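*Asks:* Predicted model and sequence follow; I will ask about them next.
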Amino acid sequence: MADSSIGLWTVPLAVLGGAIRVSTPFLFVSLGECITERSGRINLGLEGTLVMGAMSAYGISYLTGSPWLGVLAAGITGALLGALHAGICSLPRVNDVAVGIALMLFGIGLAFFLGKPLIEPTAPRLPAIDFGWWSDIPQVRAALRINVLFLIGVAIAPILYWAFKTTRWGLLIRTAGESSDAARAMGHSVLLIRLRATMVGGFLAGIGGSFLSLFYPGSWNEGLSSGQGITAVALVIFARWDPLLCLWASLAFGGAAALGPALQSVGVTSGYHLFNAAPYILTLAIMIITCSPKRTLTGAPAELSITR
Amino acid sequence: MTTDTADSAEAVEAVGVAPAADPGFLQRYGAAIEYILIPGAALIGALATFGAFVALYGKNPLDLYFYMYQGAFGTWFSWQNTLTRAAPLILTALCTALPAQLGMVIIGGEGALLIGALTATSTALAMQWAPPLVVQIAMVVAGVIGGGLWITLSGALRQYRGVNETISSLLLVYIALAILNHLVEGVMRDPASLNKPSTREIGATNMIGTIPGTDVHWGLVFGLVCAIAAYILIYHTTFGFAARVAGGNIRAAKIVGLGVGKLIMTICFLAGACAGLAGMIEVAAVQGRTNANLAAGYGFTGILVAFLARQNPLAVIPVAILLGGISASGGLLQRRLGLPDASVLVLQGIIFVFVLASDALYGRIGFLKGKS
């Protein structure tokens, strides 16, 4: 594969291209989780949502012939799973972390169950925009074939940052996340705010899943997600609940995940799995550095069960 | 199907109502009845929902229940299959149930299982000269220490750095998996394992074998002993009492001078040791070597077992057998009903959701309120 004319440049190029491709699901899931966690609830079930989104996007794209309808279906599936999570969590004395694990098992199981007949057929995939038209080098062109979903994700991050900061909805979500009593005193239903935040979070995570099955790797099988949903949850902690930092962290984690295969292509084969684990190690490291017995993570919503 | 759920749930409740003529009975046993009634109803609700789901899929739910029973408990063969699967589930469930006594939610049993398998395999490979019994004992010790330290890491981070143990134990699962894959495809790889990178085999003589007269391996006995020991530790020793006090009210525990840090570390070590033992058993009784097959999800199903058992180490045993049975019946459902192998995962997910939602019911069932 390695083109001798550009030699070792294949590695940074592959990392760049990989960062853009691999980071898209991270980006969507982490932005979704960011909204949910800012409202004071953690949804660990997004791994299940991601896989369900991938399956339903592939199925709908195959049945209707339109990949964009598939993306929409993935989002709706994700929102429904989010509603299920929020619904169960709004019952008294229910542990949201455990519900997340339950929905992770459920989502993955359901996706494998319903997706069994989808392994064989090929569904229409999402189109890509060629930003590398100016170059003759195939690696550069491959790296710069960018999917529209990535651009949408990149646009959502600053919009979300702005929305959290200035809009009425952003303020309500943050109030519910920092002090449910304050939100209640203002006459708002905390459960309703969290329901909506979890549904929007699920919607985005579902779209992240559709990217997996409809663009990269671009098919449906049971090994499609290797824990990207969990990585994205970790990534939100890594990014300190800031949507803009989520964007950079997604790119960095995507790059780390792409580094393994890129090095493999130039003959460096060891350490592949350790690069894949980099997001988990980095997140754990940042938790160790910034936590202390007296003080919790900076920037963490006060109502979040994992910070209390 | 929903009416069916209600009927079955009522039937279960009726059993509970019968002795209610004596008001003292409810006062004494109300809580215990709740602990059986509510998870039981949740289980029946989940089975009914799964039946409805399968009916939508075009299969007869009655066939489903019949084959599930057949595949799990119908014959001696299926019983043995069930018990073989229950063994690691008991141990991984203890990995969640023990820290729960301290109010900690540890969900990283899968990671401790993988590390336990890895340390046990390394030990066996390094001790090929020794007699089998010595190797087996060394493997147990290695698995227990490996898994134990892995979860102790989460406990220590919680105690000394204030890092949330749920998230850290979950992150450690994926780090453990990466370490395992890295070693199995790297320095520990058996050159002969081409398609499925694995370590070398620990040797047929070092395998722990089956209980005489059965096909069930000794791991089941390990599991039963650990569960009973954990129960005695938690409910019949001073240490267990201290742990439960700390779990109930951490400030009170500190005021009466309990060493909370030591409690956390010890309980976490024991929890991880159980899961590490499960990993050792999977290597020494089933796989014979370490490879990615070990990440079969026993750690995650163990969380479900612990929650369904209300974190009681003794209740873990029947619940693990029940869920072992469900997973054992997967093969039969696939062959006879043509259901995908993921049906077991779907059912587990539904059960988990029902069990968690049923947490809201405790102390709210009208006729059981006589106790207060």
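*Replies:* Great, that's in hand. Note that this is a predicted model, so its numbers are computed, not measured.
*Asks:* from here on, contacts and neighbour counts on C-alpha atoms
*Replies:* Noted.
*Asks:* What segments of the stretch 151-300 of chain A are helices?
*Replies:* Assigned by DSSP state H, counting those that start in this stretch, the stretch 151-300 of chain A shows helices spanning A:168-178, A:180-185, A:190-214, A:228-238, A:243-265, A:272-276, A:278-290.
*Asks:* State the distance from B:Glu165 to chain A.
*Replies:* 8 Å (Cα to the nearest Cα, to the nearest Å).
*Asks:* I figured A:Phe215 hits A:Pro124, correct?
*Replies:* No: contact criterion Cα atoms under 8 Å: A:Phe215 and A:Pro124 do not qualify, at 9.5 Å.
*Asks:* Residues of the stretch 151-300 of chain A that sit close to chain B?
*Replies:* A:234, A:270-274, A:276-277, A:280-281, A:284, A:287-288, A:291-296 (Cα under 8 Å from any Cα of the partner chain).
*Asks:* Only the buried subset of those residues, as a ChimeraX command please.
*Replies:* Buried residues within these, by 16 or more other Cα atoms under 10 Å in any protein chain shown, are selected in ChimeraX with:
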select /A:234,270,271,272,273,274,276,277,280,281,284,287,288,291,292,296
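*Asks:* I'd like a version of the helices of the stretch 151-300 of chain A in a markdown table, one that adds mean pLDDT as further columns.
*Replies:* Compiled in a markdown table, those are given as follows (pLDDT from 0 to 100):
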| stretch | mean pLDDT |
| --- | --- |
| helix A:168-178 | 93 |
| helix A:180-185 | 91 |
| helix A:190-214 | 95 |
| helix A:228-238 | 87 |
| helix A:243-265 | 85 |
| helix A:272-276 | 80 |
| helix A:278-290 | 86 |
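*Asks:* and those, which is most packed in?
*Replies:* helix A:190-214 (a mean of 29; mean count of other Cα atoms under 10 Å in any protein chain shown).
*Asks:* Quick one: distance of it to the chain centre.
*Replies:* The chain centre lies 10 Å from the centre of helix A:190-214; the measure is Cα atoms, centre = their mean, to the nearest Å.
*Asks:* Determine the set of other helices and strands touching that helix.
*Replies:* helix A:10-38, helix A:46-64, helix A:67-89, helix A:168-178, helix A:180-185 (3 or more Cα pairs under 8 Å, 6 or more residues apart in numbering or on different chains; DSSP states H and E).
*Asks:* what's next to the shortest one, contact-wise?
*Replies:* Taking contacts as Cα atoms under 8 Å, 6 or more residues apart in numbering or on different chains, the residues outside helix A:180-185 that touch it are A:Leu172, A:Thr175, A:Ala176, A:Ser189, A:Val190, A:Glu303.
*Asks:* now swap in stretch B:319-337 and tell me
*Replies:* In this structure, residues lying in contact with stretch B:319-337 by Cα under 8 Å, 6+ apart are B:59, B:63-64, B:67-73, B:78-79, B:81-87, B:89-90, B:93, B:302, B:305, B:308-309, B:339-341, B:343-344.
*Asks:* Among those, name the ones in helices.
*Replies:* Under the assignment DSSP state H, the contacts of stretch B:319-337 contribute B:63-64, B:67-69, B:78-79, B:81-87, B:89-90, B:93, B:302, B:305, B:308, B:343-344 to helices.
*Asks:* Return the members of the residues you listed classed as buried.
*Replies:* Of the ones in helices among the contacts of stretch B:319-337, these count as buried by 16+ other Cα under 10 Å: B:64, B:67-69, B:78-79, B:81-87, B:89-90, B:93, B:302, B:305, B:308, B:343-344.
*Asks:* tell me the contacts of the residue in the stretch 1-150 of chain A that chain B sits nearest to?
*Replies:* Chain B sits closest to A:Phe106 of the stretch 1-150 of chain A, with a gap of 3.9 Å, by Cα to the nearest Cα. Shown in contact with A:Phe106 (Cα under 8 Å, 6+ apart): A:Gly48, B:Leu345, B:Val346, B:Leu347, B:Gln348, B:Gly349, B:Ile350.
*Asks:* between these, which has the most around it?
*Replies:* Highest neighbour count within these: A:Gly48, with 31 neighbours (other Cα atoms under 10 Å in any protein chain shown).
*Asks:* That one against A:Ala102, yeah?
*Replies:* No: assessed by Cα under 8 Å, A:Gly48 is found out of contact with A:Ala102, at 9.2 Å.
*Asks:* how far away is the closest residue to A:Glu37 other than its chain neighbours from A:Thr36?
*Replies:* Excluding the flanking residues, the one nearest A:Glu37 by Cα to Cα, 6 or more residues apart in numbering or on different chains is A:Leu304, at 6.8 Å. Look at A:Leu304 and A:Thr36: by Cα to Cα, to the nearest Å, they are 10 Å apart.
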